[in-house]
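**Q** Have a look at this prediction, sequence included:
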Amino acid sequence: MDFFENCKTRQSCRNYDESRAVEPEKLARILECAHLAPSACNGQPYHFTVCTGNTAKRIAESVTGPGMNRFAAKAPVMIVISEESYVATAALGAKLKKNDYRSMDIGIASAYITSAATELGLGSCILGWFDSEKIQKICSVNGTVRLVITIGYPAEGDVLREKKRKDVQSLITYLD
């Protein structure tokens with residue numbers, strides 16, 4: 001699959017096959033891609049906690065709410081992304097430019113994770129609705145939890161949905 005095909009086919013998976021575990025070598029490849037993602041001053045201000053088994057089930061309970069993310073209970077893997085400290089040069093740049101580089105870097109790493117999962121035939125969904133403090137305790141992390149990504153094999157019959165996006169021209173301005 002080339003990059004453009006990956007962009008066309010990658011979607012948020014909301015129906016996982018509970019009977020299929022994700023192979024450790026596929027998880028390792030996904031995490032290697034996240035490791036290679038660019039970040040401000042190469043600081044990589046994040047930590048990935050990979051949760052499977054009972055821990056994934058406990059995380060699933062922390063990402064569901066009134067009508068939110070119920071599908072997560074079927075995902076065999078949860079990758080919790082917590083925020084770490086800036087490196088000194090990125091911290092200085094963030095302060096001077098009033099930019100939150102950590103959030104940008106976490107977003108980039110998340111895109112790498114979900115694209116790698118698609119490449120390997122896996123589904124993924126980036127979750128922003130969760131109980132950060134509860135997840136911090138479950139995962140024994142000090143940094144603020146910023147995202148949780150579900151990973152697993154899509155359930156049989158989970159078909160590619162037509163992507164509904166704004167008209168591309170409404171998102172672009174060309175200046176000369």
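**A** The structure has been received and is ready for your questions.
**Q** From here on, just use CA atoms for contacts and neighbour counts.
**A** OK.
**Q** In the helix or strand bottoming out on mean pLDDT in the chain, which residues are buried?
**A** When each helix and strand of the chain is scored by mean pLDDT, DSSP states H and E, helix 88-97 comes last, with a mean of 87. Judged by neighbour count (16 or more other Cα atoms under 10 Å), helix 88-97 contains these buried residues: 90-91, 93-94.
**Q** elements contacting the longest helix belonging to the chain?
**A** Using DSSP state H, we find that the single longest helix of the chain is helix 101-119. Helix 101-119 is packed against helix 3-9, helix 24-36, strand 77-83, strand 123-127, strand 145-152, with contacts defined by 3 or more Cα pairs under 8 Å, 6 or more residues apart in numbering; DSSP states H and E.
**Q** and it, which residues are buried?
**A** 101-102, 105-107, 109-119.
**Q** Give me the residue ranges of this structure where confidence is low.
**A** The chain contains no residues with pLDDT under 70.
**Q** same thing but 90
**A** Applying pLDDT under 90 to the chain flags the ranges 1, 8-9, 41-42, 65-67, 85-95, 97, 99, 156-165.
**Q** coming back round to it: TSV for the helices and strands packed on helix 101-119, including mean neighbour count and distance to Asn54?
**A** Listed next are these as TSV, based on neighbours: other Cα atoms under 10 Å; distance: least, Cα to Cα, whole Å:
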stretch	mean neighbour count	distance to Asn54
helix 3-9	12	30
helix 24-36	15	16
strand 77-83	25	10
strand 123-127	23	19
strand 145-152	25	14
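**Q** Cys139 is nearest to which of these?
**A** Nearest to Cys139 among those is strand 77-83; the distance by Cα to Cα comes to 8.3 Å.
**Q** List the contacts of the closest one.
**A** 22, 45-53, 56, 59-60, 102, 106, 141, 143-152 (Cα atoms under 8 Å, 6 or more residues apart in numbering).
**Q** now Arg10: how far from Lys137?
**A** 31 Å (Cα to Cα, to the nearest Å).
**Q** Between those two, point out the one with more neighbours.
**A** Arg10 (22 against 10; other Cα atoms under 10 Å).
**Q** where does the more buried one fall, phi/psi-wise?
**A** Dihedral angles phi and psi of Arg10 (degrees, to the nearest 10) take the values phi -70, psi 130.
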